[in-house]
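# Sequence first, predicted model second:
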Amino acid sequence: MTTIRHLTDQLGGLAFGGDYNPEQWDEPVWKEDDELMRRARVNLATVGVFSWSLLEPEPGRYDFAWLDAHLERLHAGGIAVDLATPTASPPPWFTLVHPDALPVTPEGTRLTHGSRDTYCLAAPAYRAAARRVAGALAERYGHHPALALWHVHNEYATLCWCEHTAAAFRNWLRARHGSLDALNEAWGTTFWSQRYTSWEQVLPPRATQWHKNPGQALDFRRFWSDEALAAYREQRDAIRAHSDRPVTTNLMLPHYQNLDLWAFGREVDMVAIDHYPDAPGLDAAADTAFAADRARSFGGGRPWLLMEQGTSTVYAGDRVLGKEPGEILRHTLGHIARGSEGALFFQWRQSRAGAEQWHSAMVPHAGPDSRIFREVTAAGEAVARLGEPAGSTVTARIAVLHDSDAWWALESDGLPSAELAYHPALRRAHRALWDAGVTVDFAHPSTDLTSYQLVIAPALFLLSDATADNLRRYVRDGGTLLVQHASGMVDERLHAHLGGYPAAPLRQALGIRVEEHRPLGQDERIELSDGSHATAWSEALHTEGAQTLAAYTHGMLSGSPALTRHRFGSGQGWYLSTRLDDTDYAALIARLLDETGVGPELPGMPQSVEAVTRRAPDGRRWQIVLNHGSQTVSLPEPAHDLITGATAHRVPAGGCAVLRLA
Ligand code: GAL
């Protein structure tokens, strides 16, 4: 058994750097890179992510000379390497040799090269080529002194509906369901005459006439995630045979949900994520926290790594917004505060040509005499002073439940409302808690939740009886659980729970039974008996032991319960059957925090001040304070700030502090 080296042990502190593509430049630029990386305190460079066409210019002939030279140069400059396998972008020759390994869309269009990610993960030729190139790299560089981390592939995310996929899907279905009869039963194929009488008839969910079979669609998502994980494992194992450095892959968060991120979290040596916020200002800070809390949670609380962020990239609909002065550092520390062992960017130097030539970078087209490079340098200097907290972790007393199956299930065709999406519901719950200044974990609903005072289940649409029973036991044994509307409607096969929603064990814990869903009209906003307001969804529900805290006041639901609380065992099960307005939802969250005695990390601060504590196993603690607002704030207790090396009494508008707590 190989002992895997820790990244921060090798670096001697937290990581700072980014994707480095020297193959796009020439010698004078490399010389300048050496100098600028020193200035920016870069200590980790991700190399080779999209270099397959250089590494293997023709089938089976590798050219390592250029990579040897860059690794030597980086090493001589004291910069460690996060070496990527280049498998996210096969070279054009690969397409010609293996046209069957190109991806096919649900409509049956076969894509071709000319972009990136033009492969089918299930195509045997692609998988074999990926294993080979990963193995060849590992054999050559597995013990290179510059090597600190392996970066397998790039953002496993793309899907395919080709014949290879169909064959692999059938194998997966055979293993999952055992027989065609069981598959027919699971997918409910008697509906709409979909009954399969031979395995050859079973297909991935390609373009079809009307609603897709939801069971087929959900199984396809599960299958694809397993396929991606198998592809990752193959490369990891090919690397492991030659190297003792940690292996990971950069997961894309939060929008692409093509992977079961819990499963990936178990297989990587260190979770790594890429993060680009989708709205500016305070929303970007909240989104940073959302992504970071997910990353930490997927790794079971272990330290993780921010593999990519942008120096000015906030993807907001149809435009890319810049980051305001100070945001590069605040986002960097926002991730570090929540357990990241550093912060890397995409990419070091802004490309002069190519598909992402307008994407931000640490060294912009304008060169080092630029605000962006100065801010990058300031961030690098700050991170270089944060060696002390390396390896420390973050503890939360609240969890938001997060399940890929529930996410995928809510993407089924034919749901009662188009407003039942999982990601916004998850994000909203996290945002309300972030606004309240408390630290949050995400947790899988089937895991042991007893360390949490409060658990929130937004849109947990799919819930097996076994998992529902886990939640029931959590409440019985003293936990406080808030379940939100549209939870527990179907089981793991997407079959509706009969006799009233949600799943029976949860009904017991909540002391309610939902009889009917009544989605609200697009412009409908209703008032509840406690004066709060809600949109999108309502339910006809009955209490079976629960107390009604707020009732509906409109139409046929008038007088029937909307928000309930049930004392069950030594805990409490709360049920919210509608979507409250933001302020009313915040008030409910505040009430739950109050009842469970969970307070903000730094009491008395405005909402725009974020604080998180990292803890070392030996009891040392550091509090990271980020002031996203426009007013200086005073700290309740002065403390030593690792960034300035002096005692901090206050944190200026837009500023940060990393406080060593006594
Ligand atoms: C990431 C990707 C990078 C780059 C970046 C742009 O998702 O891994 O290669 O494309 O996005 O934001």
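Noted; the coordinates are in hand.

# Hmm, Gly334 is touching Ala611, no?
No. Between Gly334 and Ala611 there is no contact under Cβ atoms under 8 Å: 11.1 Å. The way it works is simple: take the backbone N, C-alpha and C, and place the C-beta from them, glycine included.

# Which one of the two is surrounded by more residues?
Counting neighbours by other Cβ atoms under 10 Å for Gly334 and for Ala611 shows that Gly334 has the greater number, 30 against 21.

# Quickly find the element holding the more buried one.
Of the helices and strands defined by DSSP states H and E, Gly334 is found in helix 327-337.

# same deal with Glu234?
Glu234 belongs to helix 214-240, assigned by DSSP H and E.

# shared neighbours of Gly334 and Ala611, anything?
Common neighbours of Gly334 and Ala611, counting by Cβ atoms under 8 Å, 6 or more residues apart in numbering, are Leu626.

# If we ignore the residues flanking it in sequence, what's nearest Leu203?
Ala166 (5.6 Å; Cβ to Cβ, 6 or more residues apart in numbering).

# Can you name the element that comes right after the helix or strand containing that neighbour?
Following DSSP H and E, one finds Ala166 within helix 163-177. Next along the chain after helix 163-177, taking DSSP H and E as the criterion, comes helix 180-187.

# Paired strands for the worst-scoring helix or strand of the chain on mean pLDDT, with orientation please.
For the chain, using mean pLDDT, DSSP states H and E, the weakest element among its helices and strands is strand 314-316, scoring a mean of 76. Within its sheet, and counting by DSSP bridges, strand 314-316 is paired with strand 319-321 (antiparallel).

# and the partner strand, how far out from the chain's middle?
21 Å (Cα atoms, centre = their mean, to the nearest Å).

# same question, stretch 94-104
Worked out by Cα atoms, centre = their mean, stretch 94-104 lies 30 Å from the chain centre.

# That stretch: which residues count as buried?
Residues Phe94, Thr95, His98, Ala101, Leu102, Pro103, Val104 are the ones in stretch 94-104 that count as buried (16 or more other Cβ atoms under 10 Å).

# re earlier: relative to helix 180-187, how tilted is the helix holding Ala166?
Here helix 163-177 runs at an angle of 90 degrees relative to helix 180-187 (axes from the mean of the first three to the mean of the last three Cα atoms, to 10 degrees).

# which strands and helices sit next to helix 163-177?
Here helix 163-177 touches helix 180-187, helix 214-240, going by 3 or more Cβ pairs under 8 Å, 6 or more residues apart in numbering; DSSP states H and E.

# In the stretch 201-350 of the chain, where is pLDDT below threshold?
Low-confidence segments of the stretch 201-350 of the chain, defined by pLDDT under 70: 253-255.

# any weak-confidence spans in the chain?
Where the chain drops to pLDDT under 70, the residues are 1-2, 253-255.

# Break it into its domains for me.
43-270, 398-596, 609-661 (automatic domain parsing).

# Of all these, which one comes closest to His359?
Closest approach to His359 among the domains of the chain (Cβ to Cβ): domain 43-270, 13.0 Å.

# close to the ligand, is the closest one?
Yes. For domain 43-270 and the ligand, the contact criterion (Cβ under 6 Å from any ligand atom) is met by Asn154, Glu155, Met252.

# Next, the distance between the ends of that domain.
18 Å (Cα to Cα, to the nearest Å).

# Could you check how far that domain is from the centre of its chain?
Computed by Cα atoms, centre = their mean, the chain-centroid distance of domain 43-270 equals 18 Å.

# I figured Ser446 was touching Ala468, is that so?
No. With contact defined as Cβ under 8 Å, Ser446 does not count as touching Ala468 (9.8 Å).

# higher neighbour count, the two?
When neighbours are counted by other Cβ under 10 Å, Ser446 and Ala468 differ, and Ala468 comes out ahead with 26 against 17.

# For the more buried one, which non-adjacent residue is closest in space?
Nearest to Ala468 is Ala503, by Cβ to Cβ, 6+ apart, at 3.7 Å.

# how about that neighbour, phi and psi?
phi -50, psi 140 (degrees, to the nearest 10).

# how much space is there between it and Gly479?
Ala503 sits at a distance of 17 Å from Gly479 (criterion: Cβ to Cβ, to the nearest Å).

# which residues in the stretch 451-600 of the chain form helices?
Per DSSP state H, counting those that start in this stretch, the stretch 451-600 of the chain carries helices over the ranges 465-476, 504-510, 582-596.

# okay, the ones you listed, which one's buried deepest?
Comparing the helices of the stretch 451-600 of the chain by mean neighbour count (mean count of other Cβ atoms under 10 Å), helix 504-510 ranks first with a mean of 25.
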